[in-house]
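J.: just to be clear, the model below is a prediction. Sequence and coordinates:
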Amino acid sequence: MTKMKSHRASKFFLFAAALLCGGFAANAATYYVSQSTGDDSLDGLAAAKAGAKGPWKTLTKASIEYKPGDIILLKKGDTWTDGLAPKGSGTPEKPITISSYGEGNKPVIDREDFKQDRSGILLNDQGGYKIVGIEFNRCMTGIYAEYSKGCATQKYLWIEDCYFHDSLLYRHYEDYPKSKIGLGVCLFSFELANKVVLQDIMVKNCVFRRLASGFWTNSPDNFNKNASFIYNFANLNFDNCLFEEGYQWPFGIRGVNKGSVKNCVVHDIGRGFRSFNGVAGSMFFRTKDWIIEESEFGFIDIGQGSGDGEAFDFEGNCENMLVRNCLFHDTDGPCFLICCYASDGNPSHGLVMENCVLNGKAKRPPRGTGKVEILNTTDHNESTWKNTRFYLSPGEGLMRVADPEKDKHTSFINCFIKDLSAACKSTKHPAKQSDNAAAPGPEGQWVQLDFGRPVIINEFKIKEDAPFNVARYVIQYWDEKTKKWVGCFNGGAIAGEFVAPIVARTTSKARLLVIRTNNGPATIGAFEAYNDAPGEALNVPVGGVPPNRIGK
């Protein structure tokens, strides 16, 4: 009976692994690695030991030459302290897959000391890889892919359901950032010409937590102002990823032609940290033809005197970038930075922000910037704001241009300005309220509002009573099409009353989900939903000057 079960399990693992690759590949092999039960003297071609067959023990042993369609499976529940450096490349149709087998938690690659140059998975001039369901802990870089000058264009890198965490190394790197900062993923190009070294990249359902930065595309020309319009990467896409509790630039995207960010959250960045060149929820530089939508960037801190502190940064030389249905909120510095000069002499063109919400607050703006929702370094930058709502805090202005020019290239179309203090002043949506405060479930404590019919919501009000235990929460709305709860606002401590404007949603239910508390259950005194007036109309044509409105 035992042998039969083992045989069935082996067949199941092979079948599951083949599905990951989209089908069986001719002459492809499946290799198994288990730190707990493996032996490097075995052939690696079976999940359980049987004679000379059985799993390898180390990732060093597994760092061999692979062919298109080959599969490398790491045993769930096991931890390795060495790294994996597979040789060979797959193809988009027959990728080399790195995934897991067995039951339990994700397999972990723990390099133990993020201050040393240790990667979890290392690729060198390679493409055609699919990496699914791996945890990376205390690696200087979880996945590091390096491309040499003159290398052939590589295609396809898929990273899904991976967890990158705890790599907080941060050092000066303005000329050559390789091996000087803790990252979840780094794609590094030594190609200085306008040539793509890697294209067709997907990062899906991944978590990046407690990292100096999350995902970087980089090169030695990072701060070279003579390297404008150089694109070494192409078609880079992010879907449903979470970046939180990091230091700087969760998205550090440079030199990428075409990409997207969808359904992603950037939360709690920069706290307790000093950066030599600023903190931002995301930094895009030398990029073109991107769509950033249905995403949230909030709670960006300038820490111990770092600069910037904005939710989003177009650093310069950005072309045709569409930002749609996104929320930017709770920043120490300006909510949104459109930059030029700092890293590149070329302004940005074709920036379109549509149906977004900006609620920065600018609680602790860096010296010289003032409290503004938008800091625009020069009027040469071309930006269009459509159907966007701006919430102004006391003393905060709409936009400041650091270096005004005669020709102005910013316009506002069907936008609205509103004092944050005027939010949630209409009649709240009547709703049947329920909660699980007495017996919180495995996902956390929640308070739910059932409206009994579809309603439009654009603002929430929350009140937490003492002793103020909430440390992390998310507001969700019910998506009737997918039958799932979808996040629309990510928050930290509440500590009293808090107003949360969101990108307007139509839903029949909403809930406040408390993810983490400091000590004991949360005491939620109020959770209310509104469809409030959007504020004063704001329309400024190209060449015009926005009103000098200051929040009260």
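T.: All right, it came through fine.

J.: pLDDT on stretch 124-143, on average?
T.: Mean pLDDT, stretch 124-143: 98.

J.: buried stuff in that stretch?
T.: For stretch 124-143, the neighbour count (16 or more other Cβ atoms under 10 Å) marks 125-143 as buried. Every residue, glycine included, has its C-beta placed from N, CA and C.

J.: do a quick rundown of the helices in this protein.
T.: Remark: helices assigned in the chain by DSSP state H are 2-20.

J.: so where's it uncertain?
T.: For the chain, the stretches with pLDDT under 70 are 1-26, 173-179, 221-226, 341-344.

J.: tell me the centre residue of it?
T.: Centroid check for the chain by Cα atoms, centre = their mean gives Phe243 as the closest residue, at 4.4 Å.

J.: if I look at the closest residue to that one other than its chain neighbours, how far off is Val279?
T.: The spatially closest residue to Phe243, leaving aside those adjacent along the chain, is Pro250, at 3.5 Å (Cβ to Cβ, 6 or more residues apart in numbering). Using Cβ to Cβ, to the nearest Å, Pro250 is found at 10 Å from Val279.

J.: joint contacts of these two?
T.: Ile269 (Cβ atoms under 8 Å, 6 or more residues apart in numbering).

J.: can you show me the strands along the stretch 51-200 of the chain?
T.: For the stretch 51-200 of the chain, strands defined by DSSP state E, counting those that start in this stretch occupy the ranges 71-75, 79-80, 96-101, 108-110, 119-124, 129-132, 135-137, 141-147, 154-160, 163-167, 183-189, 198-204.

J.: mind checking those strands for the one nearest to Ser434?
T.: strand 163-167 (32.2 Å; Cβ to Cβ).

J.: about what we covered before: so which of the strands of the stretch 51-200 of the chain comes closest to Ile524?
T.: That would be, of these and by Cβ to Cβ, strand 163-167, which comes in at 29.0 Å.

J.: coming back round to it: thought the residue nearest to Phe243 was touching Arg210?
T.: No. With contact defined as Cβ atoms under 8 Å, Pro250 does not count as touching Arg210 (11.4 Å).

J.: higher neighbour count, those two?
T.: Each of Pro250 and Arg210 has its neighbours counted (other Cβ atoms under 10 Å); Pro250 has more, 28 against 16.

J.: show me the contacts for the more buried one.
T.: Shown in contact with Pro250 (Cβ under 8 Å, 6+ apart): 208, 211, 213-215, 243, 266, 269, 281-282.

J.: please verify my assumption that Ile457 contacts Thr507.
T.: Yes. Counting by Cβ under 8 Å, Thr507 is a contact partner of Ile457 at 6.6 Å.

J.: anything in contact with each of the two?
T.: Tyr477.

J.: and Asn355, how many neighbours?
T.: 16.

J.: would you mind measuring from it to Thr377?
T.: 25 Å.

J.: how long is stretch 114-122 end to end?
T.: Counting by Cα to Cα, to the nearest Å, you get 15 Å between the two ends of stretch 114-122.

J.: surely Gly491 is in contact with Ile502?
T.: No. With contact defined as Cβ under 8 Å, Gly491 does not reach Ile502; the gap is 11.1 Å.
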